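**Q** Predicted structure and sequence below. I'll ask about it afterward.
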Amino acid sequence: MPRWQRTETRVVRPFPTAESCLVGVKFKLTRDAEFDDRTSFDVSEVELDRLQPEFRLQVDPSPLRAQGSGLPAPSDLDLVIRLADARLHRSEVVFKEAVESLPETWHVPTDVSKEFSWKFGADVTVALVLRSERSPQPGQPFMRGQWVARKDFSVRSKAEPRAFPVERWTADDFARQGLPRDSVYWIQFIADDLNRRFDDPGEAFRVCLRADVYDALVQAQDTPQGRALFSTIVAEILTEVLWRGLQSLDASEEIERGGLLHSALARVEKATNATQDSLRRLVEDGELSSLRTFAQATVGMQRALAKLGNMNIQ
């Protein structure tokens, strides 16, 4: 695969670039969506089992053929597509084809797509790169893999409450906290007062997930089993935030708008039609189990578990 000159920037590149060649290159997350001019996408708007990333590979070679451009001819270039996993910090060139023989469209094969954590974010780069080394010429690219045109797409999730701090813990990490070595996860609260704003959720709590379970969840995140486990953890986080946050409130204390507790309450109210008063009464009455059911309904835990289908129980 071509080498990527990652440290280069448009400001310091010593030769011309031709971004206009890639204006017609488009990207979409599902096969039934329409290609448009967006370069940023919200993956939370897409059901993960419908995710089928696809490209329209419409390249305009005319800037490359312009006299005196100092750019390589189209016959000297490949088009490559690189996917970078924002969470796992890994990247891979998943497509390479000569510019002169490109298909009209190309979709990411399912087995390749599943290797990336789309719901946690991905960066997509389409670039025209030199196919082979050339004799150095002033003001012209000459190294194999140097790009002469590039277009970037960003895939991110704006959904809540998926953005929470997760740490990969070993059995020894749990033992040092006086917890069983075979613990699956532990929600460690750092802040006592959840009725306020936090710049980062990690300032309030963190989720410590057993290393082997963490690895399995990453691999299975787009499967019914992975989604079921994830929904269970999210429901538990929401339950803990509500329970701890409401328990520490004084009877006359106002809930700070935009704070962590307020956001959690707003989610539950919207999903279940519960009220702040009814949820506060559950806490006052010690009804932790009842409170948990509202969290489960809020995150769609029932739907996630129901999709497990007819799994064999050994």
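**A** Received it, and whenever you're ready, just let me know what you need.
**Q** Do you know the pLDDT at Leu128?
**A** As summarised for this prediction, Leu128 has a pLDDT of 91.
**Q** Next up, the contacts around the closest residue in space to it that isn't next to it in sequence.
**A** Spatial nearest neighbour of Leu128, chain neighbours left out: Ala149 (4.3 Å); criterion: C-beta to C-beta, 6 or more residues apart in numbering. Where you see a C-beta, it was placed from the backbone N, CA and C, and this is true even at glycine. Counting by C-beta atoms under 8 Å, 6 or more residues apart in numbering, Ala149 touches Thr17, Ala18, Glu19, Ser20, Cys21, Leu22, Ala127, Leu128.
**Q** host element of Ala149?
**A** Assigned by DSSP states H and E, Ala149 belongs to strand 147-156.
**Q** Alpha carbons of that strand, in PDB - could you do that?
**A** Extracted C-alpha coordinates of strand 147-156, given in PDB (Å, rounded to 0.1, in the frame of the first residue of the first chain):
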ATOM      1  CA  TRP A 147      -0.600  12.800  -2.200                       C
ATOM      2  CA  VAL A 148      -1.500  15.500  -4.700                       C
ATOM      3  CA  ALA A 149      -5.200  15.800  -3.800                       C
ATOM      4  CA  ARG A 150      -7.000  14.900  -0.600                       C
ATOM      5  CA  LYS A 151     -10.500  15.000   0.800                       C
ATOM      6  CA  ASP A 152     -11.500  14.200   4.400                       C
ATOM      7  CA  PHE A 153     -14.700  13.000   6.000                       C
ATOM      8  CA  SER A 154     -15.500  12.800   9.700                       C
ATOM      9  CA  VAL A 155     -17.900  10.300  11.300                       C
ATOM     10  CA  ARG A 156     -18.900  11.100  14.900                       C
END
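**Q** tell me the domain boundaries of this structure?
**A** 19-156, 166-306 (automatic domain parsing).
**Q** ranges for the strands of the protein?
**A** Here the chain has its strands, by DSSP state E, at 26-28, 40-42, 54-56, 77-85, 90-98, 105-107, 122-130, 147-156, 166-169, 185-189, 205-210.
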